[in-house]
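Participant: coordinates only, no sequence provided:
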């Protein structure tokens with residue numbers, strides 16, 4: 001007389017591979033709640049995969065052993081077994097043991113193996129920032145280059161610099177007008193005042209343009225110091241290095257800004 005299949009709940013063993021299939025990265029997912037029951041002529045194995053990452057998939061294999069330790073050749077399996085199995089609750093594997101011509105005459109236990117397809121994200125390489133590009137930005141608007149690289153209120157350099165330039169232009173025009181009025185005035189006391197005003201306005205214009213140039217040079221100097229201290233800059237040979245300065249025109253006696261770029 002044939003014995004009926006003995007499905008004593010003897011032992012459930014599970015194994016979960018922490019390393020991903022391709023050998024890189026780790027997963028925090030875990031297998032839990034493994035169980036099996038006889039349903040009709042099939043063994044129905046259930047399990048959960050918890051704590052998985054979004055989109056993570058698994059290669060799941062099932063191994064079945066008798067109570068005495070003999071491994072059964074369970075090939076007729078279907079359901080949540082095989083490659084690219086999604087994670088979640090109530091994963092189900094159906095084993096048609098009769099189709100495998102296996103007679104269950106003693107208790108069995110199940111091992112569930114899973115390997116994750118989770119690929120560890122490789123850290124994105126730091127994008128090299130162009131020192132030349134930052135210099136051009138600071139040349140156009142002081143502080144722009146530094147702000148684009150490291151952030152911070154470097155844009156204040158730009159407003160201060162252009163403010164000085166604007167003030168210098170205004171005082172320069174006033175000085176020019178005072179000189180013009182001085183030449184046409186016939187009142188001696190007024191002429192003296194106009195001459196004094198023109199000299200003061202010219203001095204203020206010179207100071208302001210010098211201040212603008214100093215701010216420009218300071219900002220670029222800070223940028224160059226950063227470039228020497230960091231590896232995040234991309235350098236090119238024959239890099240353009242702008243030089244900013246000012247001088248007093250010997251004819252008009254007006255302050256002028258100079259810009260020299262060596263290629």
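Facilitator: Everything's here; your move. Nothing here was measured: the structure is a model prediction, and the numbers come from that model. Residues are numbered from 1 along each chain as shown.

Participant: residue 69 in helix, strand or coil?
Facilitator: Under DSSP: H, G, I helix; E, B strand; the rest coil, residue 69 falls in the coil class.

Participant: where do the helices sit along the stretch 1-150 of the chain?
Facilitator: All helices of the stretch 1-150 of the chain, identified by DSSP state H, counting those that start in this stretch, fall at 131-140, 144-150.

Participant: in the longest one, which residues are buried?
Facilitator: Put plainly, it is helix 131-140. 131, 132, 134, 135, 137, 138, 139 (16 or more other CB atoms under 10 Å). Just so you know, the C-beta spots here come from the backbone N, C-alpha and C atoms, and that holds for glycine as well.

Participant: okay if I get these as a markdown table plus distance to residue 184 and pLDDT?
Facilitator: Output for those, formatted as a markdown table (distance: CB to CB, whole Å; pLDDT from 0 to 100):
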| residue | distance to residue 184 | pLDDT |
| --- | --- | --- |
| 131 | 53 | 72 |
| 132 | 51 | 73 |
| 134 | 50 | 78 |
| 135 | 47 | 76 |
| 137 | 46 | 83 |
| 138 | 44 | 81 |
| 139 | 41 | 80 |
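
Participant: residue 92: which of the residues you listed is nearest?
Facilitator: Lowest distance from residue 92 to these (CB to CB) belongs to residue 134, with 59.4 Å.

Participant: surely that closest one is in contact with residue 222?
Facilitator: No - in this structure, residue 134 is not within contact of residue 222 by CB atoms under 8 Å, at 10.7 Å.

Participant: re the thing from before, do you know which of the helices of the stretch 1-150 of the chain lies nearest residue 101?
Facilitator: Nearest to residue 101, of all those, is helix 144-150, at 72.0 Å by CB to CB.

Participant: avg pLDDT for that closest one?
Facilitator: Average pLDDT, helix 144-150: 78.

Participant: what helix or strand is the residue lying closest to residue 172 once chain neighbours are set aside located in?
Facilitator: Spatially, and ignoring its direct neighbours in sequence, residue 172 is nearest to residue 205 (4.2 Å; CB to CB, 6 or more residues apart in numbering). Following DSSP states H and E, one finds residue 205 within helix 188-229.

Participant: which non-adjacent residue is nearest residue 58?
Facilitator: Spatially, and ignoring its direct neighbours in sequence, residue 58 is nearest to residue 114 (4.5 Å; CB to CB, 6+ apart).

Participant: surely that neighbour and residue 30 touch.
Facilitator: No - using CB under 8 Å, residue 114 makes no contact with residue 30, being 9.5 Å away.

Participant: which of the two has more neighbours?
Facilitator: Set side by side, residue 114 and residue 30 show more neighbours around residue 114, with 23 against 15, by other CB atoms under 10 Å.

Participant: would you mind measuring from the more buried one to residue 85?
Facilitator: From residue 114 across to residue 85, the span is 8 Å (CB to CB, to the nearest Å).

Participant: find residues that contact each of the two.
Facilitator: 58, 59, 60 (CB atoms under 8 Å, 6 or more residues apart in numbering).

Participant: run through the bridge partners of the last one.
Facilitator: It stands for residue 60. residue 82, residue 114 (DSSP bridges).

Participant: and residue 201, what does it touch?
Facilitator: Residue 201 makes contact with 171, 172, 174, 175, 178, according to CB under 8 Å, 6+ apart.

Participant: quick one: pLDDT of it?
Facilitator: pLDDT for residue 201: 89.
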